[in-house]
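Enquirer: Sequence and predicted model, in that order:
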Amino acid sequence: MILFFSGCGNSEFVASQLSAQTGDRLLRMDMTESNPSLELSSDEPLGIVCPVYSWAVPRIVEKYLDRLKVNQRPSYLYLACTCGDSVGNTVERFSKFVSALGWKLDFAYSFVMPETYVNLKPFKLDTSEGERRKIDNVRHRLPEVAQRILCREKAVEVVKGKLPWFNTYVTNALFYKLLITDKKFHVADECISCGLCERNCPLHNITMRDGHPHWGGNCTNCMSCYHRCPKNAIHFGSATLDKGQYFFGHLKPET
Ligand SMILES: Cc1cc2nc3c(=O)[nH]c(=O)nc-3n(C[C@H](O)[C@H](O)[C@H](O)COP(=O)(O)O)c2cc1C
């Protein structure tokens, strides 16, 4: 069984590829479910696939797993996370988190995928060429990773980056306290009231009122609304005004 969360499609791509190549079932985490449950068969592996947010597994994913009732301890547990460049001590932190659930993390792997975080001025998307290169590289690696999962390999293979402990614990705490908010989202006149943002929000946090999106305060800044808006009409303060969009499956034309 593969459980996944994805804002902009990178993790959904990895999850669906791993599912196709391992034969494991695929299930999107429904973040609005208050009592999710899962039936695992005795030797069925459990894979968690999600993006990395501020050098850790997103808190909404941890909260979902906390609520999740599973009939038995997974016989083999793995984390496949996607990131723009590095994951810090995501695996160490997630290992501790799952041991509090009575589980044991056996395998962890990070896939470097196109960047989606644009909410602060210096943070930019990759170039179209960079996006393509990252995706090609991941496509190339997926069969090997699927094989290692099928062999129930125990290993951790991730790109930690600089200052991993500091980023996962200190930056992450500040990030959630100061930066994760939907108060800064606003919509420009280009909005055509298509409602895609409302339909795509994985937290069902957006409602259309008078033809325009309104954010309800339960946001994890996955940026699905921003990146998937067909008119690039959604913005986060002024940080996104001069930035493009990216979501998996919608690469910009080659230049
Ligand atoms: C709120 C937020 C925080 C992020 N933090 C990190 C990070 O700490 N390190 C990193 O390499 N990428 C980071 N990224 C980039 C994403 O992890 C990366 O683009 C991921 O593949 C997006 O997955 P998705 O398309 O499934 O949502 C962040 C993106 C967002 C939206």
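Expert: Arrived safely, thanks for sending. Numbering: from 1, shown residues only.

Enquirer: what ranges do the helices span in this structure?
Expert: For the chain, helices defined by DSSP state H occupy the ranges 10-22, 59-67, 90-100, 128-150, 164-165, 172-174, 196-200, 224-228.

Enquirer: Tabulate these (a markdown table), appending mean neighbour count.
Expert: The C-beta positions use only the backbone N, C-alpha and C, and glycine is treated the same way. Output for those, formatted as a markdown table (neighbours: other C-beta atoms under 10 Å):
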| stretch | mean neighbour count |
| --- | --- |
| helix 10-22 | 21 |
| helix 59-67 | 17 |
| helix 90-100 | 18 |
| helix 128-150 | 15 |
| helix 164-165 | 16 |
| helix 172-174 | 14 |
| helix 196-200 | 18 |
| helix 224-228 | 24 |
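
Enquirer: Looking at these, spot the one closest to the ligand.
Expert: Across the helices of the chain, the ligand has its closest neighbour in helix 10-22 (3.2 Å, C-beta to the nearest ligand atom).

Enquirer: Report whether the closest one contacts the ligand.
Expert: Yes - with C-beta under 6 Å from any ligand atom as the criterion, the ligand is reached by helix 10-22 at 10-12.

Enquirer: Would you reformat the helices of the chain as JSON lines and include distance to residue 34 and mean pLDDT?
Expert: Converted to JSON lines, those look like this (distance: least, C-beta to C-beta, whole Å; pLDDT from 0 to 100):
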{"stretch": "helix 10-22", "distance to residue 34": "23", "mean pLDDT": "98"}
{"stretch": "helix 59-67", "distance to residue 34": "7", "mean pLDDT": "98"}
{"stretch": "helix 90-100", "distance to residue 34": "20", "mean pLDDT": "98"}
{"stretch": "helix 128-150", "distance to residue 34": "30", "mean pLDDT": "98"}
{"stretch": "helix 164-165", "distance to residue 34": "34", "mean pLDDT": "98"}
{"stretch": "helix 172-174", "distance to residue 34": "26", "mean pLDDT": "98"}
{"stretch": "helix 196-200", "distance to residue 34": "21", "mean pLDDT": "97"}
{"stretch": "helix 224-228", "distance to residue 34": "22", "mean pLDDT": "98"}
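
Enquirer: Redo those as JSON lines? Include distance to residue 120.
Expert: Formatted as JSON lines, the helices of the chain follow (distance: least, C-beta to C-beta, whole Å):
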{"stretch": "helix 10-22", "distance to residue 120": "19"}
{"stretch": "helix 59-67", "distance to residue 120": "19"}
{"stretch": "helix 90-100", "distance to residue 120": "20"}
{"stretch": "helix 128-150", "distance to residue 120": "19"}
{"stretch": "helix 164-165", "distance to residue 120": "20"}
{"stretch": "helix 172-174", "distance to residue 120": "12"}
{"stretch": "helix 196-200", "distance to residue 120": "21"}
{"stretch": "helix 224-228", "distance to residue 120": "13"}
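
Enquirer: If I look at the residue in the chain sticking out farthest from the centre, what pLDDT would I see?
Expert: Ranking residues of the chain by C-alpha distance from their mean position (C-alpha atoms, centre = their mean) puts residue 210 at the top, at 30.5 Å. With respect to pLDDT, residue 210 has a value of 96.

Enquirer: Any figure for the gap between it and the ligand?
Expert: Relative to the ligand, residue 210 is positioned 28 Å away (C-beta to the nearest ligand atom, to the nearest Å).

Enquirer: Distance-wise, check that residue relative to residue 193.
Expert: From residue 210 across to residue 193, the span is 9 Å (C-beta to C-beta, to the nearest Å).

Enquirer: swap in residue 45?
Expert: From residue 45 to residue 193 the distance is 44 Å (C-beta to C-beta).

Enquirer: out of these two, which sits in the busier spot?
Expert: Higher neighbour count among residue 45 and residue 193: residue 45, with 19 against 12, using other C-beta atoms under 10 Å.

Enquirer: tell me the contacts of that one?
Expert: 1, 22, 24, 74-78, 149, 152 (C-beta atoms under 8 Å, 6 or more residues apart in numbering).
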